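Visitor: from the sequence below, what's the structure:
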Amino acid sequence: MSVLLVAGALLGLWQWFARPDVFFYLAHLGFILSLLAYTLWLASGIWHWDRREAALHDHVDMTEAVALGAVALLVWMAFLLCAWTRIGSADAPSKLIPWLPGGGHLIQAAIAGLAANLLIAGLHLFSRKTMPSRDPWLLPLASILSGTGLVLLFRLGPDIARIRGIAGFDHLFGLQLRSLFLSAIVFALAALWCTSARLESLTRKRYIYVLLSVILISLTAVFGEEIHGRRLSLNLGIMQFQTVELVKVLALLFMVGYFRYERGFVEAGRNWLGLPRDRYLLPYLTLWGLTLLPIFLQKDLGPTALLFALFLLVFYLGTGSGASVISGLAIMAVSGGLCYGLGVPSMVRTRVDIWLDPFAHSQNMAEALWAIAGGGVFGAGMGKEMSHHIPVVQSDFNFAALAEAWGMVGVACVMVWFALLVQRTIRYSLSATFPYQQMLIAGLGALWAIQTFIIAAGNLGLLPLTGITLPFISYGGSSLLVNFMVLGLIMRMSHEINAGSICRP
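Guide: Model (predicted):
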């Protein structure tokens with residue numbers, strides 16, 4: 001009798017586990033726990049990594065290969081979980097990959113994972129050949145973030161197309177995959193070309209970058225594609241390129257170049273606030289304004305706030321003046337208050353009202369907050385969440401979509417990946433031999449840190465929402481290209497610093 005009871009209990013337990021919803025939740029839970037385990041392993045490996053280990057090239061290659069192998073496995077798991085939910089919902093397969101003739105959900109997911117992992121493997125082989133003393137953690141961190149973005153678009157694209165009745169949204173994943181391929185090429189070019197000697201020579205052309213920035217924004221304002229009343233991108237044929245993504249790097253090169261060649265004068269004469277003398281401070285502020293003004297006139301408030309924060313940070317690094325940061329933040333607050341009070345531009349008042357009371361002023365923000373709350377601790381799982389109903393979720397609300405799909409644990413892992421990526425740049429900034437190298441690497445890391453903070457805080461309702469992308473994750477080829485260009489530059493610098501091959505300019 002007892003044997004029959006045990007057998008009946010086991011059979012009932014098996015039937016319960018075999019239910020599709022239970023099986024999916026257990027698979028999803030296993031995936032989230034795998035993300036957590038990988039994140040803890042990354043953090044531990046980075047914590048114990050010694051720069052002297054970079055001299056052991058085989059050790060560098062093995063560490064990077066193991067980390068990327070885990071990334072490949074996690075990305076494939078995420079794609080297959082998306083396919084499983086589509087099979088369970090009996091959705092007809094969408095043409096997610098334009099060049100793929102057909103195939104069911106599982107076939108498309110397997111090919112999507114294969115394509116992404118082949119690109120990542122190619123970057124590893126290239127880095128192994130050209131930068132043997134590189135930091136082995138940078139590429140895996142960027143790869144897991146980019147893979148997360150691809151999975152998110154693979155999941156959201158078909159449902160966005162269905163809801164909005166626009167078939168083109170089916171191809172979001174395919175377009176982002178193409179952008180990743182182009183980004184891999186840009187990464188390789190940056191890693192080959194951006195040696196320390198060339199970067200030092202670039203800083204000499206500091207005033208040209210301001211001119212280039214103004215020209216790029218002006219060309220975009222005149223010839224750019226108009227979307228929602230604003231011209232923010234140029235049509236390059238193969239992609240729509242948002243010029244402000246490149247302007248961020250140009251502005252940083254100007255700031256680093258200015259302090260590289262005016263540093264002696266800046267240190268020589270300071271007033272009681274610790275600021276440089278007017279003859280050196282005013283040209284910097286004037287050129288700073290020339291860079292920001294065209295972007296502000298375009299009502300592109302996110303990049304304006306990002307560049308303002310970057311200017312303050314680099315100014316502090318160049319002068320050591322805490323008063324400059326405090327006064328800059330005060331200026332930002334007063335300017336924002338005036339813009340809100342006067343209603344010019346109107347977008348400032350709209351964004352602040354949404355921030356103060358999202359449920360009364362913005363369906364988009366309200367749905368994003370509900371999505372974050374609905375994710376709970378472990379998330380609903382890719383395909384089980386409803387974040388595809390949030391407008392522009394593919395670019396502005398990636399954080400909310402991830403929070404609903406992966407929960408607090410999953411999105412915390414994503415934030416840790418960003419934190420580790422920035423930590424690696426800061427470490428090499430401190431290890432660099434010369435001040436301009438320190439400022440450049442620190443500034444590039446700050447771009448990632450500030451951008452991530454602004455978009456995450458905006459999705460959470462902690463700051464007014466701005467239209468900037470989550471690095472490596474958000475849909476957008478121009479953002480992906482520039483981020484991989486920055487990654488290639490930092491990896492080249494890490495190789496030279498570790499190899500001790502930076503020669504004094």
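
Visitor: tell me how far Ser34 lies from Ile185.
Guide: In this view, Ser34 and Ile185 are 31 Å apart by CB to CB, to the nearest Å. Every residue, glycine included, has its C-beta placed from N, CA and C.

Visitor: try Asn117
Guide: Asn117 sits 17 Å away from Ile185, going by CB to CB.

Visitor: check Tyr207 too.
Guide: Tyr207 sits 30 Å away from Ile185, going by CB to CB.

Visitor: Arg128 now?
Guide: Counting by CB to CB, the separation of Arg128 from Ile185 is 17 Å.

Visitor: okay, the two: which has more neighbours?
Guide: Per other CB atoms under 10 Å, whichever of Arg128 and Ile185 has more neighbours is Arg128, with 17 against 11.

Visitor: list the buried ones in the helix or strand containing the more buried one?
Guide: Per DSSP states H and E, Arg128 falls inside helix 105-130. Applying a neighbour-count criterion of 16 or more other CB atoms under 10 Å, one finds 105, 108-110, 112-113, 115-117, 119-120, 123-124, 126-128 buried in helix 105-130.

Visitor: strands of this structure, start to end?
Guide: For the chain, the strands defined by DSSP state E occupy 225-227, 230-235, 240-241.

Visitor: and Gln438, how many neighbours does it have?
Guide: Gln438 - counted by other CB under 10 Å - has 18 other residues nearby.

Visitor: ok, it to Leu307 distance?
Guide: From Gln438 to Leu307 the distance is 20 Å (CB to CB).

Visitor: now, which of the buried residues of helix 105-130 sits nearest Ile144?
Guide: Checking the buried residues of helix 105-130 against Ile144 by CB to CB gives Ile120 as the nearest, at 9.3 Å.

Visitor: for that closest one, list the residues it contacts.
Guide: 68, 71-72, 139, 143, 147 (CB atoms under 8 Å, 6 or more residues apart in numbering).

Visitor: from those residues, which ones fall inside helices?
Guide: Using DSSP state H, 68, 71-72, 139, 143, 147 are the members of these that sit in helices.

Visitor: got the residues you listed as TSV, with distance to Ile295 and pLDDT columns?
Guide: Below are these laid out as TSV (distance: CB to CB, whole Å; pLDDT from 0 to 100):
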residue	distance to Ile295	pLDDT
Leu68	36	93
Val71	35	94
Ala72	38	92
Leu139	31	94
Ser143	30	94
Gly147	31	93
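
Visitor: which residues of the stretch 201-350 of the chain score low on pLDDT?
Guide: Where the stretch 201-350 of the chain drops to pLDDT under 70, the residues are 226-231, 262-281, 296-300, 321, 343-345.

Visitor: should've said the stretch 401-505 of the chain
Guide: Applying pLDDT under 70 to the stretch 401-505 of the chain flags the ranges 501-505.

Visitor: 90 instead?
Guide: Applying pLDDT under 90 to the stretch 401-505 of the chain flags residues 401, 407, 426-443, 446-447, 450, 454-471, 474-479, 493-505.

Visitor: hey, where'd the helices end up in it?
Guide: Secondary structure of the stretch 401-505 of the chain (DSSP state H, counting those that start in this stretch): helices at 435-460, 477-499.

Visitor: got it, and the stretch 1-150 of the chain?
Guide: Ranges of helices in the stretch 1-150 of the chain, per DSSP H, counting those that start in this stretch, are 2-18, 20-48, 57-88, 105-130, 138-164.

Visitor: ok, which of those comes nearest Tyr340?
Guide: Tyr340 sits nearest to helix 138-164 of all the helices of the stretch 1-150 of the chain, at 31.8 Å, using CB to CB.

Visitor: who does the closest one touch, helix- and strand-wise?
Guide: Counting by 3 or more CB pairs under 8 Å, 6 or more residues apart in numbering; DSSP states H and E, the packing neighbours recorded for helix 138-164 are helix 20-48, helix 57-88, helix 105-130, helix 172-193, helix 398-431, helix 477-499.

Visitor: please identify the deepest-packed of those.
Guide: Ranked by mean neighbour count, these are led by helix 477-499 with a mean of 24 (mean count of other CB atoms under 10 Å).

Visitor: output it as CSV, nothing but the C-alphas.
Guide: The C-alpha trace of helix 477-499 is given here as CSV (Å, rounded to 0.1, in the frame of the first residue of the first chain):
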residue,chain,number,x,y,z
GLY,A,477,23.0,51.2,-34.6
SER,A,478,24.8,54.5,-34.0
SER,A,479,24.9,54.0,-30.2
LEU,A,480,26.2,50.4,-30.7
LEU,A,481,28.9,51.5,-33.2
VAL,A,482,30.2,54.3,-30.9
ASN,A,483,30.2,52.1,-27.8
PHE,A,484,32.2,49.4,-29.6
MET,A,485,34.6,52.1,-30.9
VAL,A,486,35.1,53.2,-27.3
LEU,A,487,35.6,49.6,-26.2
GLY,A,488,38.2,49.0,-28.9
LEU,A,489,40.1,52.1,-27.8
ILE,A,490,40.0,51.1,-24.1
MET,A,491,41.1,47.6,-24.8
ARG,A,492,44.0,48.9,-26.9
MET,A,493,45.0,51.2,-24.0
SER,A,494,44.7,48.3,-21.5
HIS,A,495,47.0,46.2,-23.7
GLU,A,496,49.7,49.0,-23.9
ILE,A,497,49.5,49.7,-20.2
ASN,A,498,49.8,46.1,-19.2
ALA,A,499,52.6,45.5,-21.7
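
Visitor: tell me the angle of that helix relative to helix 172-193?
Guide: 30 degrees (axes from the mean of the first three to the mean of the last three CA atoms, to 10 degrees).

Visitor: ok now helix 477-499, how far from the chain's centre?
Guide: On the basis of CA atoms, centre = their mean, to the nearest Å, helix 477-499 is displaced by 13 Å from the centre of the chain it belongs to.

Visitor: what helices and strands are in contact with that helix?
Guide: By 3+ CB pairs under 8 Å, 6+ apart, helix 477-499 packs against helix 138-164, helix 172-193, helix 196-203, strand 240-241, helix 243-268, helix 398-431, helix 435-460.

Visitor: what lies in contact with the third one?
Guide: Pointing back at helix 196-203 there. 253, 256-257, 260-261, 434, 436-437, 440, 489, 493, 496, 502-503, 505.

Visitor: of all the residues you listed, which comes closest to Leu29?
Guide: Leu489 (38.8 Å).

Visitor: quick check, nearest of the contacts of Ile120 to Arg86?
Guide: Ranked by distance to Arg86 (CB to CB), those are led by Gly147 at 18.8 Å.

Visitor: and the gap between the closest one and Leu252?
Guide: According to CB to CB, Gly147 and Leu252 sit 27 Å apart.

Visitor: could you do Leu114 as well?
Guide: Separation of Leu114 from Leu252 (CB to CB) stands at 36 Å.

Visitor: again with His124
Guide: Taken as CB to CB, the span from His124 to Leu252 is 27 Å.

Visitor: again with Val422
Guide: Distance of Val422 to Leu252, computed by CB to CB: 15 Å.

Visitor: and if you look at Thr130?
Guide: Separation of Thr130 from Leu252 (CB to CB) stands at 24 Å.

Visitor: before we move on, what about Trp84?
Guide: For Trp84, the distance to Leu252 - CB to CB - is 43 Å.

Visitor: now Arg178
Guide: Using CB to CB, we find Arg178 at a distance of 27 Å from Leu252.

Visitor: would you mind naming the residues that bridge with Gln240?
Guide: Going by DSSP bridges, Gln240 is paired in beta bridges with Asn235.
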